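Enquirer: Sequence and computational prediction follow.
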Amino acid sequence: MRSPTRRAATAAFALALAATSCAGTSSADTTSTATTGSAETEVAAPATTAPVNETVPAPDDSASTAPSTPETTTEPETTTEPETATEPETTTEPETATTAAILQLPSVDVVSLATGEMADLNSFSRPGATLVWFWAPH
Amino acid sequence: MAQDNPDLHVLGLGAQDTLEFANEFVASGDLANSAITMVWDPTFASWRDYGIRSQPYWILYDDQGTEITSRPGVIDLGAVQAVLDA
């Protein structure tokens, strides 16, 4: 047989225990909630990673630049150079060599009887075979 | 000969006497209208350079500028043609 005062004290104690356990639980919930929140943030991180992946297309741009490099195709141009074939030019050189073989006449001032003007004898040299005929008016 | 052989350049190099005589020589021979290039050297220097002591005289060079024939007297057309045909 308990006294009313004792019953009240027991009830108050039980209520205090219940309140304490609830506070612990709520704090735990808060923590878990906070953790969950951070987890969500982490999920958001991958979302951030996604944009990074979007930045990855940049390399795709570089990839697109890569094809442009082949378009530059410096190689074909180089191929064109060989086609320039210094050989043809070399072929021209022999001709020039033939031209260089033009008869060298003495560098003497003579009168062109066609124009009446003085000119260097060597300026009358022409390519091909040459016959120099020495003559006198008398 | 020069007209019949376009590949042959004939250069008439005159000297001695006067320019007036030279022009008369060209006119009398109708050389002004020929394929021969006629020039006259008032100093005689070109002839001295070639060692020419008499005239007429002629020297033939091939298309490489090599001297083929050098002799006094009338031009030997056969010799010239032989060089052109070679």
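Expert: Here it is on my side, so go on.

Enquirer: Just the closest residue of chain A to chain B, please.
Expert: Closest to chain B within chain A is A:Pro137: 3.6 Å, counting by CB to the nearest CB. Glycine gets a C-beta too; all of them are placed from N, C-alpha and C.

Enquirer: Let's see the pLDDT reported for residue 30.
Expert: Assuming you mean chain A. In the predicted model, A:Thr30 carries a pLDDT score of 38.

Enquirer: oops, I was thinking of chain B
Expert: Predicted confidence (pLDDT) for B:Asp30: 90.

Enquirer: got a list of what it touches?
Expert: For B:Asp30, no residue meets the contact criterion (CB atoms under 8 Å, 6 or more residues apart in numbering or on different chains).

Enquirer: how far away is it from B:Val10?
Expert: Distance of B:Asp30 to B:Val10, given as CB to CB, to the nearest Å: 14 Å.

Enquirer: For the closest residue to B:Pro56 other than its chain neighbours, grab the count of nearby residues.
Expert: Spatial nearest neighbour of B:Pro56, excluding adjacent residues (CB to CB, 6 or more residues apart in numbering or on different chains): A:Trp135 at 5.5 Å. Neighbours of A:Trp135 under the rule other CB atoms under 10 Å in any protein chain shown: 22.

Enquirer: hang on, isn't A:Trp135 packed against B:Val10?
Expert: No. Using CB atoms under 8 Å, A:Trp135 makes no contact with B:Val10, being 11.1 Å away.

Enquirer: Quick check, B:Leu77 in contact with B:Met1.
Expert: Yes. Using CB under 8 Å, B:Leu77 is in contact with B:Met1, at 5.9 Å.

Enquirer: So those two - more neighbours on which side?
Expert: Between B:Leu77 and B:Met1, counted using other CB under 10 Å, B:Met1 has the larger neighbour count: 15 against 11.

Enquirer: Tell me who's in contact with that one.
Expert: Counting by CB under 8 Å, 6+ apart, B:Met1 makes contact with B:Leu8, B:Val10, B:Ile75, B:Leu77, B:Val80.

Enquirer: roughly how far apart are it and B:Leu31?
Expert: Going from B:Met1 to B:Leu31 by CB to CB gives 12 Å.

Enquirer: One more: B:Asp76?
Expert: Distance, B:Asp76 to B:Leu31, using CB to CB: 20 Å.

Enquirer: So for these two, which residue has more residues nearby?
Expert: Between B:Asp76 and B:Leu31, B:Leu31 has the larger neighbour count (other CB under 10 Å), namely 17 against 13.

Enquirer: Quick check: nearest residue in space to the more buried one, chain neighbours excluded?
Expert: Leaving aside its chain neighbours, B:Leu31 sits nearest to B:Met38 (5.4 Å; criterion: CB to CB, 6+ apart).

Enquirer: burial count for that neighbour?
Expert: Applying other CB under 10 Å, I find that B:Met38 has 25 neighbouring residues.

Enquirer: does it really touch A:Gly116, like I thought?
Expert: No. When contacts are counted by CB under 8 Å, B:Met38 is not listed as touching A:Gly116 (11.3 Å).

Enquirer: For the chain, which strand extends over the most residues?
Expert: Unless you meant another one, I'm taking chain A. Longest strand in chain A, counting residues (DSSP state E): strand A:129-135.

Enquirer: Wait, chain B was what I had in mind.
Expert: Counting by DSSP E, the longest strand found in chain B is strand B:8-15.
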